[in-house]
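Chemist: let's see this in three dimensions:
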Amino acid sequence: MSLGRGVRKKSVRQQRINVVAFDPEHVVEVKKLFSKVKTYNKPANGEWCIPDPSQVLRSPAQEHVHLQTLKKSLNEMKNQLSDKDLQVWHQHTNSTNRAGKVIATVRAIANAEICTQAWCKFYEILGTFNLLPKEALQTGELNTVHLCEAPGAFIAALNHYLKTSEHTRYCDWTWAANTLNPYHEANRGETAITDDRLISNTLPWWFFGSDDTGDIMSQNHLLELQGFVRNMRSVDMVTADGSFDCQGNPDEQEALVAPLHYCEAVAALFLLSPGGSFVLKMFTLYEHSSICLLYLLNCCFRSVSIFKPATSKAGNSEVYVVCLQYDGKEAVRPLLSKLIRHYGPDLAAHGALFPSSLLPPSFLEQHEQACSYFHAWQMDTIAENLRWFEGLSEDQRIRLERIRDCTAQEYLERFQVSSLPRARWLSRNTVAPACCKVGRQLGQKKQMGSFNQRRELQALSWQERIGKSCYAAWVEEHCTKDTGADCVLAGPLAECHSNSWFVVVGAALPAVRNSPFCDGGLLSHLNEALEKAPPGLGVHSSAACAWLPSCSSCPAVSSRSILSEVASLCDHEEGRKCLLFGSSLWLDNCDEQVEGLVLEFCAEPLFTPCGHSTLHDGESQYQSDLLDCVLTSLKRLGSGDALLLPLISAFTRFTAAVVFCLHLSFRSVTFRAPAPWGVVLMCAGFCPEVATQILPPLNDLQDRMGRLARGEKDTENAPPAGQKQVLQFVPMEELLKGGLTDFLRTLNSAIARQQLHLLMQS
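Modeler: The predicted model follows:
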């Protein structure tokens with residue numbers, strides 16, 4: 001249901017009731033904040049034209065003296081921040097940011113979905129430039145593609161803009177998005193944004209490619225993305241908001257991110273229809289790679305501007321390149337074909353995009369002027385913040401607060417921000433997904449201390465780094481007997497949607513570096529410890545952790561106490577069976593019955609990783625064995641029976657789905673750690689009626705995994721499997737519902753903590 005005209009007018013009128021009259025001097029200063037833009041002016045003689053493809057990607061990059069001077073002076077200014085604690089400095093610059101009140105004000109007024117700084121920046125870009133092609137608005141059909149888009153604030157801002165603007169409220173909008181898959185275990189936490197609050201509720205619109213990584217710098221991914229959007233009549237706009245953590249080498253941020261910018265730009269030229277728009281986030285524009293890229297965009301679009309939104313912190317290097325009215329692929333086809341042939345993270349390794357001799361002096365002059373303009377803004381802001389870091393006078397503070405209030409009001413007035421009912425959000429769930437409730441987005445790498453302190457930290461051993469981390473005290477504590485006692489999955493689930501399950505196959509995992517079901521920092525520390533700890537640490541009695549040392553001060557729960565607890569979870573009817581998997585040594589001190597529970601040992605093999613494996617439960621052989629155990633259980637157990645199943649971990653989507661299957665099939669699932677054999681799942685109250693529904697898809701999955709293991713074709717028309725494995729077989733929407741995510745995060749935290757504790761003890 002569309003927002004009525006009267007409702008919108010009332011909303012805007014309500015906003016204007018509280019308009020405050022500001023000092024004219026303040027108003028002039030604020031208006032300058034919204035005017036930080038430089039637009040290239042193409043010569044009428046057609047001097048700026050696409051170079052001959054035979055001359056591209058052949059010459060070495062060249063330095064431009066004036067621009068390198070700007071780079072040097074900016075880095076010298078930034079170096080004055082090297083001894084500043086990052087959190088303290090960010091808190092200071094947030095308080096001095098003239099646009100610092102905009103986000104809170106918009107949140108209060110607009111009821112905006114994912115109202116972050118990125119939301120406000122893109123809404124500002126939409127309100128400043130005519131990004132939406134006239135033809136799309138005239139026909140009422142708009143199609144957009146968003147690259148490197150997580151967590152989705154640009155999409156949410158565009159949705160808000162389209163549904164509240166007088167001219168676009170009735171536009172039929174279709175969108176597609178790409179980003180590094182936050183659920184793919186091999187994607188590193190420092191590159192993949194794990195905030196999935198929009199992604200988890202709009203998964204069909206996100207494209208991660210046949211390898212499931214979402215890596216836009218893969219040539220196959222680009223070609224597949226074109227197929228993904230083939231049903232769009234036209235692609236009217238592409239946005240690219242990609243970057244990655246460069247805080248380890250901030251002086252070379254531009255060069256480090258250059259390959260990504262190349263790929264984003266080439267992807268836009270490949271996807272866009274004639275007349276389309278492109279928005280690309282960049283940083284400083286001093287290197288030859290950036291100069292060439294800006295020249296290419298100027299040759300392909302009627303208008304190219306470099307824009308620094310008021311809502312982008314003035315002290316950082318971030319700018320947005322806004323390109324309007326694409327000439328179309330035909331105009332750039334010969335060059336584009338060559339760029340796609342060399343597409344990928346090593347594009348720059350083939351040489352500079354263009355030699356300096358092909359860059360017109362008139363373009364270089366305008367580019368240098370633009371760089372000088374934004375350089376001056378950034379230098380002045382950092383210098384001002386350094387002065388104010390020592391303290392502001394009361395008059396300065398009052399003046400600054402008035403300007404911040406004026407900026408927030410100017411934003412609302414200039415861009416006509418109004419409220420959007422929650423029913424018209426993209427994600428209409430009234431409850432955030434479990435991954436957000438448990439702080440999934442906080443799994444990003446946390447930058448602590450000053451730059452100098454972080455450099456010193458990197459020089460320390462892995463043990464010393466853990467010792468200085470927020471996990472230190474927790475890891476040093478000895479484990480207790482009842483870990484997991486208060487963590488229970490109550491089942492069976494009322495609904496089973498096994499007919500909607502599908503299998504995702506991708507390249508075999510090299511390591512598990514990221515998990516929706518574990519704190520990112522904790523997993524990162526564990527992987528570093530496993531990689532750097534010396535081999536031959538001794539042997540633990542655990543079947544799942546045979547390569548770890550033991551800790552005499554960590555009491556293990558006895559087999560008998562675990563079996564007694566399982567018996568108490570059952571309905572106390574005599575003759576209930578408990579199926580156990582793993583080593584027969586577990587039963588040495590137990591009778592064939594414990595409190596009326598009949599024990600049945602199953603000798604199904606459970607693969608144990610050798611050495612310090614960072615694959616954890618991502619090893620395909622382990623996953624196959626685990627699936628075999630579950631299938632055996634579902635076929636052999638009777639109503640009310642119990643199951644004890646040891647686990648290495650549940651970091652991967654595959655193992656999480658296995659636990660989900662047990663959640664579907666038992667009245668109660670809990671775990672204990674440390675047990676005599678590592679960590680054990682305790683499942684009680686088997687429900688065969690539900691299990692019968694999931695047996696067919698699990699049998700099909702077992703067959704498919706067998707074909708992959710034998711190197712056979714995965715599907716009828718697929719090439720030979722090669723090094724592939726099943727990454728997922730239950731939709732993420734199912735795995736993120738209810739209490740499963742909380743359960744798995746608690747279980748994995750216990751596992752990671754125990755392993756780190758044992759490694760630290762060594």
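Chemist: could you pull out the strands for the stretch 201-350 of the chain?
Modeler: For the stretch 201-350 of the chain, the strands defined by DSSP state E, counting those that start in this stretch cover 206-207, 237-240, 277-282, 301-307, 319-326.
Chemist: out of these, which is closest to residue 748?
Modeler: strand 206-207 (24.4 Å; CB to CB). Where C-beta positions appear, they are placed from N, C-alpha and C, glycine not excepted.
Chemist: strand partners of that closest one, parallel vs antiparallel please.
Modeler: strand 172-178 (parallel) (DSSP bridges).
Chemist: in the partner strand, what counts as buried?
Modeler: Of the residues in strand 172-178, 173, 174, 175, 176, 177, 178 count as buried by neighbour count, 16 or more other CB atoms under 10 Å.
Chemist: tell me the mean pLDDT over that strand?
Modeler: The average of the pLDDT scores along strand 172-178 is 96.
Chemist: got the contact list for that strand?
Modeler: When contacts are defined by CB atoms under 8 Å, 6 or more residues apart in numbering, strand 172-178 is touched by residues 140-149, 152, 155, 158-159, 162, 205-208, 214, 216, 221, 225, 228-229, 232.
Chemist: C-alpha coordinates for that strand, PDB please?
Modeler: The C-alpha trace of strand 172-178 is given here as PDB (Å, rounded to 0.1, in the frame of the first residue of the first chain):
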ATOM      1  CA  ASP A 172       8.400  -0.700 -10.300                       C
ATOM      2  CA  TRP A 173      11.800  -1.300  -8.900                       C
ATOM      3  CA  THR A 174      13.900  -4.500  -9.200                       C
ATOM      4  CA  TRP A 175      17.300  -4.900  -7.600                       C
ATOM      5  CA  ALA A 176      20.100  -7.400  -7.300                       C
ATOM      6  CA  ALA A 177      23.100  -7.300  -5.000                       C
ATOM      7  CA  ASN A 178      26.600  -8.800  -4.600                       C
END
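Chemist: and the chain, what are its domains?
Modeler: 11-420, 460-761 (automatic domain parsing).
Chemist: can you tell me which residue is spatially central in this protein?
Modeler: In the chain, the centroid-proximal residue (CA atoms, centre = their mean) is residue 193; its distance is 2.2 Å.
Chemist: pretty sure it contacts residue 180?
Modeler: Yes: taking contacts as CB atoms under 8 Å, residue 193 lies within contact range of residue 180: 7.3 Å.
Chemist: and for those two, which residues touch both?
Modeler: Common neighbours of residue 193 and residue 180 (CB under 8 Å, 6+ apart) are residue 150.
Chemist: which helices and strands sit right next to the biggest helix by length in the chain?
Modeler: Determined from DSSP state H, the single longest helix within the chain is helix 361-389. Under the contact criterion of 3 or more CB pairs under 8 Å, 6 or more residues apart in numbering; DSSP states H and E, helix 361-389 touches strand 37-39, helix 65-79, helix 86-96, helix 288-300.
Chemist: can we see that at 6 Å?
Modeler: helix 65-79, helix 86-96 (3 or more CB pairs under 6 Å, 6 or more residues apart in numbering; DSSP states H and E).
Chemist: to residue 452, which of the domains of the chain lies closest?
Modeler: Closest to residue 452 of the domains of the chain is domain 11-420 (CB to CB; 5.0 Å).
Chemist: that closest one: how far from the chain's middle?
Modeler: In terms of CA atoms, centre = their mean, to the nearest Å, the centre of domain 11-420 is found 18 Å from the chain centre.
Chemist: output the below-cut-off pLDDT ranges for the stretch 651-762 of the chain.
Modeler: Where the stretch 651-762 of the chain drops to pLDDT under 70, the residues are 674-678, 713-722, 762.
Chemist: drop anything exposed from the contacts of strand 172-178.
Modeler: Buried among the contacts of strand 172-178 by 16+ other CB under 10 Å: 141-149, 152, 155, 158-159, 162, 205-208, 214, 216, 221, 225, 228-229, 232.
Chemist: now intersect these with the helices, please.
Modeler: Using DSSP H, the buried ones among the contacts of strand 172-178 in helices are 155, 158, 159, 162, 221, 225, 228.
Chemist: just give me the closest of the residues you listed to residue 274.
Modeler: residue 225 (19.1 Å).
Chemist: and the pLDDT at the residue lying closest to the closest one once chain neighbours are set aside?
Modeler: Nearest in space to residue 225, with sequence neighbours left out and distances taken as CB to CB, 6 or more residues apart in numbering, is residue 207 at 5.6 Å. pLDDT for residue 207: 96.
Chemist: partner residues bridging residue 207?
Modeler: Per DSSP bridges, the residues bridged to residue 207 are residue 178.
Chemist: that one contacts residue 228, correct?
Modeler: Yes: the pair residue 207 / residue 228 is scored as a contact, 4.6 Å apart, by CB atoms under 6 Å.
Chemist: the longest helix of the chain vs helix 288-300, what angle?
Modeler: On the basis of axes from the mean of the first three to the mean of the last three CA atoms, to 10 degrees, helix 361-389 is oriented at 120 degrees to helix 288-300.
Chemist: show me what counts as buried in helix 361-389.
Modeler: So, applying 16+ other CB under 10 Å, buried residues of helix 361-389: 363-364, 366-368, 370-371, 374-375, 377-379, 381-382, 385-386, 388.
Chemist: hmm, back to that, now do the contacts for the residue nearest to the centre of the chain.
Modeler: 150, 151 (CB atoms under 6 Å, 6 or more residues apart in numbering).
Chemist: ok, residue 628 to residue 702 distance?
Modeler: Distance, residue 628 to residue 702, by CB to CB, to the nearest Å: 7 Å.
Chemist: pLDDT weak spots in the stretch 151-300 of the chain?
Modeler: Judged by pLDDT under 70, the stretch 151-300 of the chain has no weakly predicted residues.
Chemist: next: the stretch 1-150 of the chain.
Modeler: Using pLDDT under 70, the stretch 1-150 of the chain drops low at 1-20.
Chemist: now do the SS call for the nearest residue to residue 154 once chain neighbours are set aside.
Modeler: Leaving aside its sequence neighbours, residue 154 sits nearest to residue 122 (CB to CB, 6+ apart; 4.5 Å). Under DSSP: H, G, I helix; E, B strand; the rest coil, residue 122 falls in the helix class.
Chemist: ok, which stretches of the stretch 601-750 of the chain are helices?
Modeler: For the stretch 601-750 of the chain, the helices defined by DSSP state H, counting those that start in this stretch occupy 620-636, 653-665, 688-709, 732-735, 740-761.
Chemist: and residue 89, which of those helices is closest to it?
Modeler: helix 740-761 (30.5 Å).
Chemist: now the residue lying closest to residue 739 once chain neighbours are set aside: phi and psi?
Modeler: Using CB to CB, 6+ apart and skipping residues adjacent in sequence, the residue nearest residue 739 is residue 489, 6.3 Å away. Taking degrees, to the nearest 10, you get phi -100, psi 120 for the backbone angles of residue 489.
Chemist: swap in the one 3 residues further on?
Modeler: For residue 492, the backbone dihedrals are phi -70, psi 160 (criterion: degrees, to the nearest 10).
Chemist: so it makes contact with residue 691?
Modeler: No: with contact defined as CB under 6 Å, residue 492 does not count as touching residue 691 (8.6 Å).
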